[in-house]
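Student: kindly generate the corresponding structure for this input.
(chains A and B)
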Amino acid sequence: MSTKGASLKGLLLVALLVSHMLLTKEGVTSLPICPKGSVSCQLSLEELFDRAVKLSHYIHFLSSEIFNEFDERYAQGRGFIAKAVNSCHTASLTTPEDKEQAQQIHHEDLLNLILGVLRSWNDPLIHLASEVQRIKEAPETILWKAVEIEEQNKRLLEGMEKIVGRVHSGVVENDIYTPWDGLPSLQLADEDSRLFAFYNLLHCLRRDSHKIDNYLKVLKCRLIHDNNC
Amino acid sequence: VRSMDLRHLLFTLALICANDSLSASDDILQRPQISKCRSPEMETFSCFWTAGNFYNLTVPRILQLLYKKSNEEDWKECPDYITSGRNSCYFNASYTSVWTPYCVQLASKKEVYDKKCFSVDEIVLPDPPVHLNWTLLNTSQTGIHGDIQVRWDPPPTADVRKGWITLEYELQYKEVNETKWNELKPRLSTMAPLYSLKTARDYEIRIRSRQRTSEKFGEFSEILYVSFSQIGIGCDHCTEEVEFPWFLVVVFGVCGLAVTVISIMLSKQPRLKMLIFPPVPVPKIKGIDPDLLKKGKLDEVNSILACHDSYKAQLYCDDLWVEFIELDIEDPEEKNRASDTDRLLSEDDLKSHSCLGTKDDDSGRASCCEPDIPETDFSASDTCDATSDSDQFKKATEKEEDLLCLERQDNDESLPDLASTDPQHQHRNTESENSGVWAPFEDSVESPHLSVHTQISNQNSLTSTDFYAQVSDITPAGRVVLSPGQKSKLGRAQREGCTEQNFTMDNTYFCEADVKKCIAVTSQEENEPRVQEQGYNEDGYFTTESLTTTVANLGAPTAAAPSSEMPVADYTSIHIVQSPQGLVLNATALPVPDKEFNVSCGYVSTDQLNKIMP
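Tutor: Below you'll find the model as predicted:
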């Protein structure tokens, strides 16, 4: 029984390898460990997607946590939920809103969109990390998470640019971007207004990070696993 | 009164009836409210509400659910009231935008009862997994335990394959009879092993799922029953595995430990014993035997305390003294060594100061009464030791008090015992430069030199202590030089000295003070002839022969009254020492011929000692 299982497993492995090879159109796809700064070393697309998905998941996880903590700490007595208008600055970017749309959009466009959203969040995250420290008695966990999100977002951006470079066959469109003008609202004198601005920003961050996480998973399943995750 | 009672009765009855009627219908008026909105797969969502009890009381109202996306202005009505059941609204995929904020409100025509705002990605609660099954991995050798692998499929509604939703699963299991579920950590894969299940028991397994970054789980799946007997490996008659015998372990451990401890305690190995059971220091004063304190006679006790409080020990502990003790008699080269004497003389002040100055001190000088002090040490250590012969001890104690740098009061007791006093007797002042070992002297009452006691009594004001001969020096030849102490240096000897000198001619030693007085007076004029004395004059060394001659020379007129001027030593009590070079006289123990041991200063040369000793 065990030997049969072993041989079966071996067969499966071989089949996977072959299919993977055919899929990626590259040679032997071992997963090399690329030391930092090495130019010649190339990660496989699968590895790149794996890392990207891990990062996006981590960013979304941190965003959820920081939003929940902020909500608990500052928003409860103020009725922010009722006031939430939820007008995020990335709303102008037309991103797929359901599975259908996500299935239909071309993967290159989706990648570009992802990049656009990530770039649009670069600036707000920097300011979030710095402004959140000015909140009176901000808990250490919130401060730490804000800084961490900003860092990881940069890394994800770099990774996505690599992926885009690999995947794109044609010219890379780099114009998807939304500027952020919410800095004054984070610096309002009135504490209530300022905290509401933070609440909004964190709510938007949570949503957008979830979007990106989802899109990347969809892309990964589509491109790497052929819709068979 | 009757009417009043009747009214009361009627009133209460009415109240009761009213209460009953009211409680028949629902007590609390419940508003219709939205209980929850849920999306199982992030593609559709439904909202559920409770109608409340408004319907029953009044004209049935029609509840509507209105919704609005954040970017719209108008409230729209629910597209599907049926699919999700009663009091629900179902939004299919075309109405669902995942990351768009929605607001729904429950309203009738007239009023709004409840309102909720959310976005679909926040309300994801997946359906339970399906197709649970298990397979046996292996069993233990005894057949009592087994491992199984549980597999399941994700909920069919969730599109996991395309990666639209990522699910996490939590498995719970328990024995059929138990009430509490065991939980496994949430995992992404759709299989989980369960280890060490008892094959004799049946198990229940259930699984639930949630979206990976959410907190809330969906509903539980159907329960999967695991029964090993079904696949024929059940071990119904297997004996229960014995639980780890904690009780036995503890008992045996304690016994073993006790045995080890007892064996260590009883073992002859002192080292081991010391290592494991270090001796607890008992409060103890060195030099005092607590048994003696308890049972000893008063005199002995006094002696102990006296010894303990004495400065004698300190003096004995003086390093110089120790040095002097250990001299080689045979070595003639050391005879003329002056260094010792110099040292002794020069430091006399210090020593005597230390002796007298601290006479009231309670410090533990008795620490000097240590067994490690060389045995040539004089009676100090021996008398401190309670094991000495009681007789000699008794006598020694009397004398020791005198020897020591004691308080007046201590000495006074022994004074009346002593011989007639000569007021002119000088007695040593321990404040003098000389310090050294003070040996108790034999109380030869017959000799007038014992009037040192009287000296003391007379001159208490001058000195705080003693009338004992103080050994100021020891010659390399092994002879002891005694010094009367302060007296000599006070200069009183200058005129009176020689004439008043009290020398016992047949004595072996002369106290330095005595001789010095004479010499000091006469030496200035007659230094030359007295080559010997000169040497001694400077160094303080005296030999008995020289002293004798000197005294003979000097003290012809003074021989008549040696006792009056004998400043030193009432008696000597020297204990026998083991070393042949040591000087320990025990007058009481030895058969002392009077003449020979009529020591004024109280020391016997080793030659004489040897003569006496058998």
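Student: quick check: residues of chain B near chain A?
Tutor: B:42-43, B:70, B:93, B:96-101, B:117, B:119, B:121, B:159-164, B:166, B:212-213 (CB under 8 Å from any CB of the partner chain). All C-beta atoms are positioned from the backbone trio N, CA, C, and that covers glycine.
Student: among the residues you listed, which ones are in strands?
Tutor: Applying DSSP state E to these, the entries found in strands are B:101, B:117, B:119.
Student: before we move on, the earlier item: of the residues of chain B next to chain A, buried ones?
Tutor: Of all those considered here, the ones buried according to neighbour count by 16 or more other CB atoms under 10 Å in any protein chain shown are B:42-43, B:70, B:96-101, B:117, B:119, B:121, B:159-160, B:162-164, B:166, B:212-213.
Student: tell me which of those residues fall in helices.
Tutor: When helices are assigned by DSSP state H, not one member of these lies inside them.
Student: what residues of stretch B:138-145 count as buried?
Tutor: Going by neighbour count (16+ other CB under 10 Å), the buried part of stretch B:138-145 is B:139, B:144, B:145.
Student: re the thing from before, which one of the ones in strands among the residues of chain B next to chain A is nearest to residue B:109?
Tutor: Ranked by distance to residue B:109 (CB to CB), those are led by residue B:117 at 22.3 Å.
Student: for the residue nearest to that closest one when sequence neighbours are not counted, list each beta-bridge partner.
Tutor: With CB to CB, 6 or more residues apart in numbering or on different chains as the criterion, residue B:117 has its nearest non-adjacent residue at 4.2 Å, and that residue is residue B:103. Applying DSSP bridges to residue B:103 gives these bridge partners: residue B:68, residue B:117.
Student: need the contact list for residue B:103.
Tutor: With contact taken as CB atoms under 8 Å, 6 or more residues apart in numbering or on different chains, residue B:103 is in contact with B:67, B:68, B:70, B:115, B:116, B:117.
Student: residue B:149 is in contact with residue B:137, isn't it?
Tutor: Yes: contact criterion CB atoms under 8 Å: residue B:149 and residue B:137 qualify, at 5.4 Å.
Student: joint contacts of those two?
Tutor: Contact criterion CB under 8 Å, 6+ apart; residues bridging residue B:149 and residue B:137 by contacting each: residue B:193.
Student: how near is residue B:132 to residue B:176?
Tutor: In this structure, residue B:132 lies at 16 Å from residue B:176, with CB to CB, to the nearest Å as the measure.
Student: would you turn the contacts of residue B:103 into TSV with pLDDT?
Tutor: Below are the contacts of residue B:103 laid out as TSV (pLDDT from 0 to 100):
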residue	pLDDT
B:67	92
B:68	90
B:70	80
B:115	88
B:116	88
B:117	88
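Student: and those residues, which is closest to residue A:210?
Tutor: residue B:70 (16.4 Å).
Student: tell me, how many residues neighbour residue A:146?
Tutor: 27 (other CB atoms under 10 Å in any protein chain shown).
Student: name the element it belongs to?
Tutor: Per DSSP states H and E: residue A:146 is located in helix A:140-167.
Student: what's the first helix or strand after that helix?
Tutor: As assigned by DSSP H and E, the chain's next helix or strand after helix A:140-167 is helix A:183-186.
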